[in-house]
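Engineer: Sharing a model that was predicted from the sequence below.
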Amino acid sequence: MKRAKRYAFLYVILLSSNLLFAQKDSVQALFSPPKFNIHYSHLQWELGYNGFVFKNNYVGGIGVDLIGAVFNDDANIAIGFDQGGTKTSIYSSLVSTIRVQSYSSFYLKIEPMLFPEKVINISMPLKFGVSSITYIDTTTYSTSTSHRRRVRPTTFPSVEPGLFTFVNVFPNVNFGVGISYRVALSTTSAVAMSDYDNFIFSAQMRLKLFTRNHRKIAAKKNDFYDPNDRFQ
């Protein structure tokens, strides 16, 4: 838990830096009443590879933002899921251990984005989800019976802060890599304590949807918002 608190504290520092850089004049912003000017920008969809690092094994999988809505070009709110699995080798009986066979999570993501209009930009997603882990007990494997004891999925709430770097390859297509750390909000004895909190390495592709149509509609209403105005 000490390591989890350390990463949570680091995430808070990074998030605070993001909010500070987004201000036109940070000193003035500290003593001026906050002004909220929220504009819908576009829809966003993400697909990526996830590597879940557990105590005794590594599980590969995918992460998908089913749909996301971006506001002011620098804040994304999305829902999606993570899922991964692995097959236990027949030779795993040589190692007396219990390994994670599958992992899944359904989440709500809040993602501040720093300088999204730049070629290289940063995002700091925060996922609130319901996670599930399934184990395989390889100590029960027998070459004569080919039997393994499968532990039923254990479900628990989790929060997952992350840090990603994206490259704007095309106006509406971005590629990025990053790391996140899942922290369980509750625990049970059914799951190894070391596997509740774990690192996740990711490589993602981000697609921006319906950006042109929105700008045309906003222009007709004289309500077009230029994200570059934030830095002038």
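Structural biologist: Right, received. Where do you want to start?
Engineer: contact partners of stretch 43-63?
Structural biologist: With CB atoms under 8 Å, 6 or more residues apart in numbering as the test, stretch 43-63 has contacts from 64-70, 76, 78, 80-86, 97-103, 192, 194-195, 198-210. In this view, the C-beta of every residue, glycine as well, is placed from N, C-alpha and C.
Engineer: What residues sit buried inside that stretch?
Structural biologist: For stretch 43-63, the neighbour count (16 or more other CB atoms under 10 Å) marks 43-46, 48, 50, 52, 54, 57, 59, 61, 63 as buried.
Engineer: Only alpha carbons, please: show the helix or strand hosting residue 106 as CSV.
Structural biologist: Residue 106 belongs to strand 98-114 when elements are defined using DSSP states H and E. Only the C-alpha atoms of strand 98-114 are listed here, as CSV (Å, rounded to 0.1, in the frame of the first residue of the first chain):
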residue,chain,number,x,y,z
ILE,A,98,-0.7,-19.9,-8.7
ARG,A,99,-0.8,-17.7,-11.8
VAL,A,100,-3.3,-15.2,-13.2
GLN,A,101,-5.1,-16.6,-16.2
SER,A,102,-7.3,-13.7,-17.2
TYR,A,103,-8.0,-10.1,-16.3
SER,A,104,-10.9,-7.8,-17.2
SER,A,105,-12.1,-4.4,-16.2
PHE,A,106,-15.0,-2.0,-17.2
TYR,A,107,-14.2,1.6,-16.5
LEU,A,108,-15.1,5.3,-16.6
LYS,A,109,-12.1,7.4,-17.7
ILE,A,110,-11.4,11.0,-17.0
GLU,A,111,-8.4,12.2,-19.1
PRO,A,112,-6.8,15.6,-18.9
MET,A,113,-4.7,16.3,-22.0
LEU,A,114,-1.7,18.7,-22.0
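Engineer: helices and strands of this protein: which one has the lowest mean pLDDT?
Structural biologist: Lowest on mean pLDDT, DSSP states H and E among the helices and strands of the chain sits helix 26-31, with a mean of 50.
Engineer: Might one say that residue 83 is in contact with residue 103?
Structural biologist: Yes - Residue 83 is in contact with residue 103 according to CB atoms under 8 Å; the separation is 7.2 Å.
Engineer: So these two - more neighbours on which side?
Structural biologist: The residue with more neighbours, out of residue 83 and residue 103, is residue 103; 24 against 17, by other CB atoms under 10 Å.
Engineer: And the pLDDT for the more buried one?
Structural biologist: Looking at residue 103, its pLDDT stands at 90.
Engineer: residue contacts, it?
Structural biologist: By CB under 8 Å, 6+ apart, the residues touching residue 103 are 52, 59, 61, 82-85, 131-134.
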